[in-house]
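Generate coordinates for the sequence data below:
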Amino acid sequence: MVDRLGGKNMKLSDQAMTALTIDIVIIIISICCIIYAVFFKEQY
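Residues are numbered from 1 along each chain as shown. Modelled structure (predicted):
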């Protein structure tokens, strides 16, 4: 994407940061679920 506003596209960056934060949260939750499943498999 071409930045035509000379670095004043704050809305785009806020959206990108929000999307990135949501992606990171989803990845962390997925890792926690995998670890949880592995621990339950180890127990039984």
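
so where's this structure shaky on pLDDT?
1-12, 44 (pLDDT under 70).

same thing but 90
Low-confidence segments of the chain (pLDDT under 90): 1-20, 39-44.

Now do the helices in it.
Per DSSP state H, the chain carries helices over the ranges 10-43.

Residue 31: how many residues sit nearby?
The number of residues packed near residue 31 is 10, by other Cβ atoms under 10 Å. For every residue, glycine as well, the C-beta is placed using N, CA and C.

any idea how far it is from residue 41?
Residue 31 sits 16 Å away from residue 41, going by Cβ to Cβ, to the nearest Å.

try residue 16
Going from residue 16 to residue 41 by Cβ to Cβ gives 37 Å.

what's the answer for residue 25, then?
Distance of residue 25 to residue 41, given as Cβ to Cβ: 25 Å.
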